[in-house]
Structures are given as C-alpha cells and as structure tokens.
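Chemist: here are the coordinates; sequence isn't available:
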Ligand SMILES: NC(=O)C1=CN([C@@H]2O[C@H](COP(=O)(O)OP(=O)(O)OC[C@H]3O[C@@H](n4cnc5c(N)ncnc54)[C@H](O)[C@@H]3O)[C@@H](O)[C@H]2O)C=CC1
Ligand SMILES: O=C([O-])C1=[NH+]CCC1
C-alpha cells in the first residue's frame, strides 16, 4: 500500500551523498543510457519570460531497476550582481507500479554533485593522465562542486580560477579548503592548462580555442540553451566533441548547434567501449545534464536515508 512521501531536506541530502558512491553509479548509468536501456526524453522546457528563466522537466524510467523519477529545475539568466539563485531544483522519486510519490528531496545538492561527478568521469576518460594544471571559469555553485571533486580524485599541481567579478573570485577563494590561484583574465587562467571547466552563466563565448593548449580536456557545463554559448567556433571545430546525450546536445547546446560541430560520441559510448577516448587530442565534453543522473543520485540518497532510519529504529 502506498504510504505518505518522505521529504528529504538539502542538509540531509548533503549528509547522505558521497562522491565515492556517486561516481560508479553515474558511470554505470551513462553506459546504460547509451545502450538505450533508459527511458529518458530530452528535457522539456517551459519559458518563464517575465523572470528570464526556464522550468525544465526531467523524467526518467529505468525499468530493470524499478526506478521512476523526475526532477523539476528552474534556471535563470540573472542580472549581474543579482543575489537570487540561478538554479532551483526538486527531485521526486515514484513507485512505478502504484504511481505514488515515495520521496520528495532537495535537488540543489544533487544537481551540484552529480554534474561535477559526471565532469570528473569525462576527465577520467578523456584527460591526459599526466595533467598538472586545472582552470575553472566561474565561481558559483558548480565551480565549488567541480573544485571539490576534481581535487578529491586527481592530483593537480595548480588550480586556477577566473571570475568576471573580483568579489565573486574572493568569495570562492574563501569558500574552498585547498590552494587556488585567482586569475585576472580567462586567457591567463587557461593558457597552458591541461583541464578546463567552464561553469559560467555566459550566453556568449568566453573560452577561445586560440588560448587552449593542444591536447587539453574541456568540461563545458554552462550554456544549456540552443542560443547560449561558452566556447567559440575555433575550439568547437578543432576539438573532438563528446556529450552526455547526442540528442540533448543537438536540441539544447548553442555551442554545438551554432558552431556546426559534430558530436563524436556520448560519454556512455566510451564507457561501453563502442567509441574511443581520444586523450591525445583536444577534447570537449559538452554537459547538458540528464534526468538519469538525477534518478540514480536520488535512489542513492533514498536508500541511504532508509538505511539510517532502520538503524535508528533498532
Ligand atoms: N550541465 C549541467 O548538468 C548543469 C549545468 N548548469 C549550468 O552551469 C552554469 C553554472 O551554474 P551555477 O554554478 O549553479 O550558477 P551560479 O550562478 O552559482 O554561478 C555562475 C557563475 O557565472 C558567473 N557569471 C555570470 N554571468 C557571467 C558572464 N556574463 N560572464 C562570465 N561569468 C558570468 C558568475 O559570476 C558565477 O561565477 C549555469 O550556466 C547553469 O545553467 C547547472 C546545473 C547543471
Ligand atoms: O541538468 C540540470 O539540472 C541543468 N542543466 C542546465 C541547467 C540545469
């Protein structure tokens, strides 16, 4: 019989989700997605014109796991200096047999951590093993989660960060626990970098191919609308381009659509061994974010939550 849904708060999700559990589950899910074992349409978006944003609906069903889930995410192009959040997300887990809601949980931590974890998987597969310098463009929530996971699983000698405002760069520097070099320009941040993460709210290119070291790996995380850009045409055309979802990139990514670049493979194809990882070349991983990533993250949270509850009741 269907019970009442449980509500899991942002603090609880943060306490229950660990990169060590998340990364292998996401890697497995990306492989399944590319083997067409997941029902997950491209995100539906409803424009919120008055507020310069979108509501994204991200349903997913993995029949073999009995996993039915949807995320609701609002994302905005905020004015410079706005203190309002640029994304707000909620994840809903359902029982596929009864159709009832099992859990409603905060989606902020899930969105921050699963996106960074997927970028880390792209770097694990596509970055040169001897990579020494990481550059992060942007200093918001995604910049923080990317800093955390990249410094946790790789050994960079230097991490550089660029922000379009000095205040945001200072805030970022004081919020992270490890060393970081602030840079005055994008060019200064990315010249000579082996890995570059773009996590800005830019709608025009901010990262130019002429500055990128040949053989570098770029995880391009922002610019999730067909007319938004973070990377220029030179970089998109020179690099081997991978995406989380080929269909998603063709529908939502301004960097892919407006540059006319080909998507060589999905990350899942590399995981499945059906497409090669061109580590020796300049690579771009175009991340749009997928419902399947939220679904497996939410299942992890819910399973952990039930585990702790049953221990408490003993
Ligand atoms: N691929 C995916 O799965 C996901 C992508 N995103 C995208 O990642 C990006 C970052 O998200 P959050 O960190 O949550 O946002 P945030 O608002 O916390 O941080 C955005 C950063 O971009 C900077 N920025 C804003 N306007 C800029 C401009 N015109 N030029 C350069 N920098 C600018 C801000 O100073 C800040 O450092 C957004 O584009 C968001 O839509 C977010 C969630 C998931
Ligand atoms: O996957 C996601 O949650 C998002 N992608 C772009 C904005 C939010």
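Modeler: Structure received. Here the structure is a predicted model, which means the values were calculated and not measured. Numbers count the residues shown, from 1 in each chain. Ligands and ions are numbered 1, 2, ... in the order given.

Chemist: wait, what's in contact with residue 197?
Modeler: For residue 197, the contact set (C-beta atoms under 8 Å, 6 or more residues apart in numbering) comprises 119, 134, 135, 136, 137, 138, 143, 146, 150, 218, 219, 221. For the C-beta atoms, the positions are set from N, CA and C on the backbone; glycine is no exception.

Chemist: Please read the previous query as pertaining to residue 161.
Modeler: When contacts are counted by C-beta under 8 Å, 6+ apart, residue 161 touches 135-137, 139, 143, 147, 169, 172-173, 180-183, 189.

Chemist: from the contacts of residue 197, which is closest to residue 249?
Modeler: Of all these, residue 249 sits closest to residue 221, with 12.9 Å by C-beta to C-beta.

Chemist: wait, what's in contact with the closest one?
Modeler: Applying C-beta under 8 Å, 6+ apart as the definition, the contact partners of residue 221 turn out to be 115, 119, 142, 146, 197, 198, 199, 287.

Chemist: Tell me who's in contact with the first one.
Modeler: Applying C-beta under 8 Å, 6+ apart, one finds that residue 115 lies in contact with 142, 145, 146, 221, 287, 289, 293.

Chemist: Looking at it now. What's its pLDDT?
Modeler: Listed pLDDT for residue 115 reads 98.

Chemist: quick one: secondary structure of it?
Modeler: On the three-state scheme (DSSP: H, G, I helix; E, B strand; the rest coil), residue 115 is labelled helix.

Chemist: ok, it to ligand 2 distance?
Modeler: Look at residue 115 and ligand 2: by C-beta to the nearest ligand atom, to the nearest Å, they are 7 Å apart.

Chemist: Ok, the second one next?
Modeler: Note on residue 119: its distance to ligand 2, by C-beta to the nearest ligand atom, is 12 Å.

Chemist: correct me, but that residue touches residue 284?
Modeler: No: here residue 119 lies out of contact with residue 284, judged by C-beta atoms under 8 Å, at a distance of 11.6 Å.

Chemist: Between those two, tell me which one has more neighbours.
Modeler: Each of residue 119 and residue 284 has its neighbours counted (other C-beta atoms under 10 Å); residue 284 has more, 31 against 28.

Chemist: Checking my notes, the more buried one in a strand, right?
Modeler: Yes: residue assignment for residue 284, taken from three-state DSSP, places it within a strand.

Chemist: Turn the contacts of residue 221 into a markdown table, columns for secondary structure.
Modeler: What follows is the contacts of residue 221, written out as a markdown table (three-state DSSP):
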| residue | secondary structure |
| --- | --- |
| 115 | helix |
| 119 | helix |
| 142 | helix |
| 146 | helix |
| 197 | strand |
| 198 | strand |
| 199 | coil |
| 287 | coil |
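
Chemist: what about residue 7, which SS state?
Modeler: The assignment at residue 7 comes out as strand when based on three-state DSSP.

Chemist: which ones are touching it?
Modeler: Taking C-beta under 8 Å, 6+ apart as the criterion, residue 7 is in contact with 103, 104, 105.

Chemist: Need the contacts of residue 221 in CSV (columns: distance to residue 268).
Modeler: Below are these laid out as CSV (distance: C-beta to C-beta, whole Å):
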residue, distance to residue 268
115, 16
119, 15
142, 21
146, 20
197, 20
198, 21
199, 22
287, 13
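
Chemist: Kindly reformat the residues you listed as a markdown table containing distance to ligand 1.
Modeler: A markdown table is the format used below for those (distance: C-beta to the nearest ligand atom, whole Å):
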| residue | distance to ligand 1 |
| --- | --- |
| 115 | 4 |
| 119 | 8 |
| 142 | 3 |
| 146 | 9 |
| 197 | 10 |
| 198 | 8 |
| 199 | 5 |
| 287 | 4 |
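
Chemist: Report the two of the residues you listed separated the most.
Modeler: Across these, the two lying at the largest distance from each other (C-beta to C-beta) are 115 and 198, at 12.1 Å.

Chemist: Contact distance from ligand 1 - what residues of the stretch 101-250 of the chain qualify?
Modeler: Residues of the stretch 101-250 of the chain found near ligand 1 (C-beta under 6 Å from any ligand atom) are 111, 115, 138-143, 163-165, 168, 199-202, 206, 221-222, 224.

Chemist: try 5 Å this time
Modeler: Within the stretch 101-250 of the chain, the residues that sit near ligand 1 (C-beta under 5 Å from any ligand atom) are 115, 138-142, 164, 168, 199-202, 221-222.

Chemist: I'd say residue 113 and residue 300 touch.
Modeler: No: using C-beta under 8 Å as the test, residue 113 is too far from residue 300 to be in contact (10.2 Å).

Chemist: Can you check which residues contact both of the two?
Modeler: Here residue 113 and residue 300 share the contacting residues 17, 22, scored by C-beta under 8 Å, 6+ apart.
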